[in-house]
Every structure is written in C-alpha cells, then in structure tokens.
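Colleague: Provide a 3D model corresponding to the input given below.
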Amino acid sequence: ERRMKNKIPDQVISEIFPRSEKKSKLSEEVYDQLKRMILSGKFKKGQRLVEEKLAHRLNVSRNPVQIALLRLRKEKLVIWKYKKGTFVA
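Modeller: Numbers count the residues shown, from 1 in each chain. Modelled structure (predicted):
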C-alpha cells in the first residue's frame, strides 16, 4: 500500500523520458542524412558503410544507424552482403 503512494505516474515518466518518440525521430534524421549522402554521390556506389564509423561521424549510437540502414536496404539504396557488410547499391 505504501509503495503505491510513492509510485510515479506513467504519464509523468513518459513526459520526462520520451523514449520511443526520440529514438524513432533520431533514426529518421540519420536515415534522411544517409539517404542524402547516397543520392548526392558523397557515398560512391560499392562503398562499404561501417555502422561504428557512421555512428561516430553522425554523433549517435549504432542503433539509429542500424534502423536507418534497414530502411535504406528496403529501398534498395544499400545492399547487405553476408559476412561482408553494407554497401552502397
């Protein structure tokens, strides 16, 4: 009974830590940036895209980069090769 009194309401927690919203917005931004770089020719056809390097360069964790690369794969802008990595299509 006493615990319930001190429990922070879920709404308050979600306002303080807007988790999924922020993450999806971040991967959206990373996706847009990578797509622009591919379409503008900054990344050349056949160039390998290394998650760690992209994450470091864009100042984000690897997760939004992974999500963005998956979207780019679905759009056939990048291809993934087993045990080799992701490459510009």
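Colleague: dump the residue contacts of the spatially most central residue of the chain.
Modeller: With distances taken as CA atoms, centre = their mean, the residue of the chain nearest its centroid is P64 (1.5 Å). Applying CB atoms under 8 Å, 6 or more residues apart in numbering, we find P64 in contact with K23, L26, S27, E29, V30, A55. From N, CA and C alone the C-beta is placed, and that goes for glycine too.
Colleague: 6 Å - rerun?
Modeller: P64 makes contacts with L26, S27, V30, as judged by CB atoms under 6 Å, 6 or more residues apart in numbering.
Colleague: Then T86?
Modeller: L49, L69, V78, W80.
Colleague: Secondary structure element holding the residue lying closest to the third one once chain neighbours are set aside?
Modeller: Across the structure, with CB to CB, 6 or more residues apart in numbering as the measure, the residue nearest V78 apart from its sequence neighbours is L72 (4.5 Å). Taking DSSP states H and E as the criterion, the element that holds L72 is helix 62-74.
Colleague: Which helix or strand lies directly C-terminal to that helix?
Modeller: Next along from helix 62-74, by DSSP H and E: strand 78-81.
Colleague: what is the mean pLDDT for that next one?
Modeller: Across strand 78-81, pLDDT averages out at 97.
Colleague: buried residues in that strand?
Modeller: Neighbour counts over strand 78-81 (16 or more other CB atoms under 10 Å) mark V78 as buried.
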